[in-house]
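With the sequence up front, the predicted model follows.
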Amino acid sequence: MISGDAPNILTQPNDSLAVRKLDHCRSSGVPLNWLVIGMLSFLCVQTASLLLFLGMGSPLTAISAIGIVFLIWSADINLRKCYGQNPRVSLRVLLVCMVFSISLFVLGGEGRFLYANTDWQVRGTLLHDLARYPWPFAYSDTSRGAMILRAPLGMYLIPAGIAKLTGENSADIWLLLQNSLLLSMILAAGSSFFPTPRQRWVGLLIFFGFSGMDWIGRLLVGKPLDRHLEQWSMLQYSAHITQVYWVPQHCLAGWIGALFYLLWRTNRISLAVLGSAVPLLALLSPFALIGIIPFALHAGFSTLWQRKITIADVVLPLLAGALAIPALLFLTAGSGSVGSRASLPDPIVYGASLLLEVVLPLIGVFICRRAHIFGYMTSVLMLAALLLIPLGHIGDGADFVMRASIPSLAILAVLMAHLLSRPIDTRHQRLAAGLIVAGFAAGLPTPITETIRALRFPHAPRPLCNYFGMLPGGSVTYTIPAKNLPDPIRPNTIAIIKSGNATHCWDGPWPPGQTVGLFDSIPQVPAETYN
């Protein structure tokens, strides 16, 4: 059958005892639907916040607000009407997820309590600019005129908006709290795939320990092992810990998309809810959105093939798409300067990258391809995506490969965890488990070294410059001339910000963790060279 039907995990005979023991199916706890609605609400609000950043008029903002309320209300009714058997997540599980999420993001440098990788030099500056300057604003450029931000701003807008009321320096804390809350909802909802506490701990360990065998790749290309291990191939599939520490906006978008697809596969949410989330992911990460599209298309065609399509399955995604139009116009404005193409990678690099990144767990998953609860087609789509994504290229470097692969890598990790958390009885299951464990263990050096760097290097300093002061002229992936914005979203008035003449851009040293050894002495950079 085209749909590759997945069994309903609430009605599998083999899981009936475990289901009765689920502490998140008891009368106490948070309903799974609330977590789904919470994530969908965040996506709506961050998308609507772009209208405020662009200074859109009150009528359009009011229409957007009405559309959001109707979408959330309709999605909630759809969830309760179609899926009355609604599991609950215990408060204990939710608390563990929240503590774990805060810990991860603190280790990644959010809140500036610990070291942050140098990608945060741009990210932290953007956050503070959004909190510091009146919306809308643009940077002054002598040759090109006013340059306005044109980047995925979804992660920054809500914390920056709150920081306008509580003080610019609080923006880092609001970002930490926002991302932690969002990740805790993702993890808590994902815990519903694992019936017992032991299975949930296995799932958490496998998911956040998952990585490729990057240290072998570093050895093959003759690079040292005490630097950022993943910089050895242009076809990088980032470890999940790397994604949290370096690019939280991309991983949160990719994981929400993957989670909603797996919830649909296990009959927890409808196509209407899955389809509503997809376009709203754009402002958080357009690359992660591209990575989830094949799975969303499968959900749509499968529902249509089974003749189960409803009015809500059409209307709600269309409404979400309409709400996302300003974000899509914003992200695609002037995108021709970024560049995109299909390219055939070097066969040796392509083969070595896949071999070291994902081959062992993929073989293990396909040996027991019908043992997990998500259906055979889930494995096929995930495999196809991981094989084809390296053929695409957008912008500079390997960003497209690293970010578009996030949903597929998340699904692969969940399949690995689900297979390992269940009884292993047959010879095929033992072989599959052995391959998965071998690949998992060989990849552990990457998340371990990333965490050592977070604890070893000095905490992230506070930004003192604005974006154009930190990076004179900006980047084509982050700014465009304000006049190039499409007419429907171009601000009528705009504040012009000068780069300023700050003597340095940080209030402390910021060593580049990808080039300084983990146990080297930390360079003491003079203040005048911080920029």
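That came through fine. Computed from a predicted structure; not experimentally measured.

So which bits of stretch 226-237 are buried?
227-237 (16 or more other CB atoms under 10 Å). C-betas here are computed from N, CA, C, even on glycine.

just curious, which of those residues is nearest to Ala163?
Of all the buried residues of stretch 226-237, Ala163 sits closest to His228, with 30.2 Å by CB to CB.

Tell me the pLDDT of that closest one.
Listed pLDDT for His228 reads 86.

and it, what is it in contact with?
449-450, 453, 513-515 (CB atoms under 8 Å, 6 or more residues apart in numbering).

at 6 Å what do you get?
Gln514 (CB atoms under 6 Å, 6 or more residues apart in numbering).

okay if I get the buried residues of stretch 226-237 as JSON lines plus secondary structure?
Shown next, in JSON lines, are the buried residues of stretch 226-237 (DSSP: H, G, I helix; E, B strand; the rest coil):
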{"residue": "Arg227", "secondary structure": "coil"}
{"residue": "His228", "secondary structure": "coil"}
{"residue": "Leu229", "secondary structure": "coil"}
{"residue": "Glu230", "secondary structure": "coil"}
{"residue": "Gln231", "secondary structure": "coil"}
{"residue": "Trp232", "secondary structure": "coil"}
{"residue": "Ser233", "secondary structure": "coil"}
{"residue": "Met234", "secondary structure": "coil"}
{"residue": "Leu235", "secondary structure": "coil"}
{"residue": "Gln236", "secondary structure": "coil"}
{"residue": "Tyr237", "secondary structure": "coil"}
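
Would you mind putting those into JSON lines with distance to Leu328 alongside?
Formatted as JSON lines, those follow (distance: CB to CB, whole Å):
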{"residue": "Arg227", "distance to Leu328": "38"}
{"residue": "His228", "distance to Leu328": "33"}
{"residue": "Leu229", "distance to Leu328": "35"}
{"residue": "Glu230", "distance to Leu328": "30"}
{"residue": "Gln231", "distance to Leu328": "32"}
{"residue": "Trp232", "distance to Leu328": "35"}
{"residue": "Ser233", "distance to Leu328": "31"}
{"residue": "Met234", "distance to Leu328": "28"}
{"residue": "Leu235", "distance to Leu328": "28"}
{"residue": "Gln236", "distance to Leu328": "27"}
{"residue": "Tyr237", "distance to Leu328": "27"}
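
Kindly indicate which of those lies nearest Ser143.
Met234 (31.9 Å).

Could you give me the buried positions within the longest helix along the chain?
The single longest helix within the chain, with elements called by DSSP state H, is helix 58-82. Across helix 58-82, burial judged by 16+ other CB under 10 Å covers 64, 67-68, 71-72, 74-76, 78-79.

Please apply the same query to stretch 78-96.
Using 16+ other CB under 10 Å as the test for burial, stretch 78-96 gives 78-79, 83, 87-90, 93-94, 96.

circling back to that earlier point, what packs against the longest helix of the chain?
helix 32-53, helix 271-280, helix 311-323 (3 or more CB pairs under 6 Å, 6 or more residues apart in numbering; DSSP states H and E).

Specify the angle between the following helix or strand past the shortest one and helix 271-280 in degrees.
Okay, so that is helix 271-280. Per DSSP states H and E, the first helix or strand lying C-terminal to helix 271-280 is helix 286-305. On the basis of axes from the mean of the first three to the mean of the last three CA atoms, to 10 degrees, helix 286-305 is oriented at 160 degrees to helix 271-280.

How far off centre is helix 286-305?
16 Å (CA atoms, centre = their mean, to the nearest Å).

do stretch 486-500 as well
Taking CA atoms, centre = their mean, one finds the center of stretch 486-500 at 29 Å from the center of the full chain.

in it, what counts as buried?
In stretch 486-500, counting by 16+ other CB under 10 Å, buried: 489-491, 494, 497, 499.

related to what we said a few turns ago, farthest pair within the buried residues of helix 58-82?
Ser64 and Leu79, at 22.5 Å, using CB to CB across these.

Summarise which helices and strands the strand or helix carrying Leu388 is packed against.
Per DSSP H and E: Leu388 is located in helix 376-388. Under the contact definition 3+ CB pairs under 6 Å, 6+ apart, helix 376-388 sits against helix 286-305, helix 406-420.

For the nearest residue to Ala460 once chain neighbours are set aside, pull up the helix or strand it's in.
Distance criterion CB to CB, 6 or more residues apart in numbering; nearest residue to Ala460, sequence neighbours excluded, is Ala116 at 3.7 Å. Per DSSP H and E, Ala116 falls between elements, in no helix or strand.

how about Ala116, phi and psi?
The phi/psi pair for Ala116 (degrees, to the nearest 10) reads phi -120, psi 140.

Just confirm it contacts Glu110, I think it does.
No: with contacts counted by CB atoms under 6 Å, Ala116 stays clear of Glu110, the gap being 7.4 Å.

Can I take it that Tyr139 is in a helix?
No: read with three-state DSSP, Tyr139 is strand and lies in no helix.

What about it, how many residues nearby?
Look at Tyr139: counted by other CB atoms under 10 Å, it has 25 neighbours.

Please give me every residue in contact with it.
Counted by CB under 6 Å, 6+ apart, Tyr139 has contacts 147, 468, 497.

Surely the second one touches Ser499?
Yes: counting by CB under 6 Å, a contact exists between Phe468 and Ser499, whose distance comes to 4.1 Å.

Reformat the contacts of Tyr139 as CSV; add pLDDT and secondary structure.
Output for the contacts of Tyr139, formatted as CSV (pLDDT from 0 to 100; DSSP: H, G, I helix; E, B strand; the rest coil):
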residue, pLDDT, secondary structure
Met147, 90, strand
Phe468, 88, helix
Ile497, 89, strand
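
and the residues you listed as TSV, adding distance to Ala189?
TSV is the format used below for these (distance: CB to CB, whole Å):
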residue	distance to Ala189
Met147	39
Phe468	40
Ile497	40
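
and of these, the nearest to Ile292?
Checking the contacts of Tyr139 one by one against Ile292 (CB to CB), the nearest turns out to be Met147, at 30.7 Å.

Tell me how many other residues crowd that closest one.
Close neighbours of Met147, defined as other CB under 10 Å, add up to 22.

quick one: low-confidence ranges for the stretch 301-450 of the chain?
Residue ranges of the stretch 301-450 of the chain with pLDDT under 70: 335-342, 369-371, 395-397.

can you map out the helices along the stretch 401-531 of the chain?
Here the stretch 401-531 of the chain has its helices, by DSSP state H, counting those that start in this stretch, at 406-420, 427-443, 445-456, 467-470.

Turn the buried residues of stretch 486-500 into TSV, including distance to Ala253.
TSV is the format used below for the buried residues of stretch 486-500 (distance: CB to CB, whole Å):
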residue	distance to Ala253
Ile489	21
Arg490	26
Pro491	26
Ile494	28
Ile497	28
Ser499	30
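
Out of those residues, which comes closest to Leu262?
Ile489 (33.9 Å).

in terms of contact, does the closest one touch Leu54 like I think?
Yes: Ile489 lies in contact with Leu54 (CB under 6 Å); the separation is 5.4 Å.

low-confidence ranges in this protein?
Scanning the chain for pLDDT under 70 picks out the ranges 1-27, 82-86, 142, 335-342, 369-371, 395-397, 500-503, 521-531.
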